[in-house]
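*Asks:* Output the structure for:
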Amino acid sequence: MNEDPNFKYYGIAFVRKIANEDKCPFLKRIEGINSTECTAKFDRTAWDCIETKEFCPFKEQGVAKNVFEYFFANKRTRLFSVECLEDVPLLLNTLFH
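*Replies:* Sure thing, here's the model as predicted:
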């Protein structure tokens, strides 16, 4: 990470009910894939997400608070949800092209 300033970290969580992205202002649907990305960043904490009533596929699946914090704190990280294992290659192809 220190040697390559362009290196990015991608987190992929297998979750259910990702189709509810309209219920959280931080979820963004990935076009053409059954996947969403959490776009919350620096000014957000895991406690903010836990305390809100908004739908979050990561929270629903029990992703740990420290995982949220790691992705919120680092500008080179992106957190995605997918519902089916078959969608992972599609997501990776989208990210790397």
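
*Asks:* Check the separation of the first and last residues in stretch 70-77.
*Replies:* Chord length of stretch 70-77, first to last residue, is 8 Å (C-alpha to C-alpha, to the nearest Å).

*Asks:* swap that for stretch 27-36, please
*Replies:* Stretch 27-36: ends 6 Å apart by C-alpha to C-alpha.

*Asks:* Return the distance of that stretch from the chain's centre.
*Replies:* On the basis of C-alpha atoms, centre = their mean, to the nearest Å, stretch 27-36 sits 10 Å off its chain's mean C-alpha point.

*Asks:* Stretch 85-97 too?
*Replies:* 14 Å.

*Asks:* Pull that stretch out as PDB, backbone CA atoms only.
*Replies:* Written as PDB, here are the backbone C-alpha positions of stretch 85-97 (Å, rounded to 0.1, in the frame of the first residue of the first chain):
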ATOM      1  CA  LEU A  85     -21.700 -15.800  -5.800                       C
ATOM      2  CA  GLU A  86     -22.300 -15.800  -9.600                       C
ATOM      3  CA  ASP A  87     -22.400 -11.900  -9.400                       C
ATOM      4  CA  VAL A  88     -18.800 -11.600  -8.100                       C
ATOM      5  CA  PRO A  89     -17.100 -12.000 -11.500                       C
ATOM      6  CA  LEU A  90     -19.400  -9.400 -13.000                       C
ATOM      7  CA  LEU A  91     -18.600  -7.000 -10.200                       C
ATOM      8  CA  LEU A  92     -14.900  -7.600 -10.500                       C
ATOM      9  CA  ASN A  93     -15.000  -7.100 -14.300                       C
ATOM     10  CA  THR A  94     -16.900  -3.800 -13.800                       C
ATOM     11  CA  LEU A  95     -14.300  -2.600 -11.200                       C
ATOM     12  CA  PHE A  96     -11.300  -3.400 -13.300                       C
ATOM     13  CA  HIS A  97     -12.500  -2.100 -16.600                       C
END
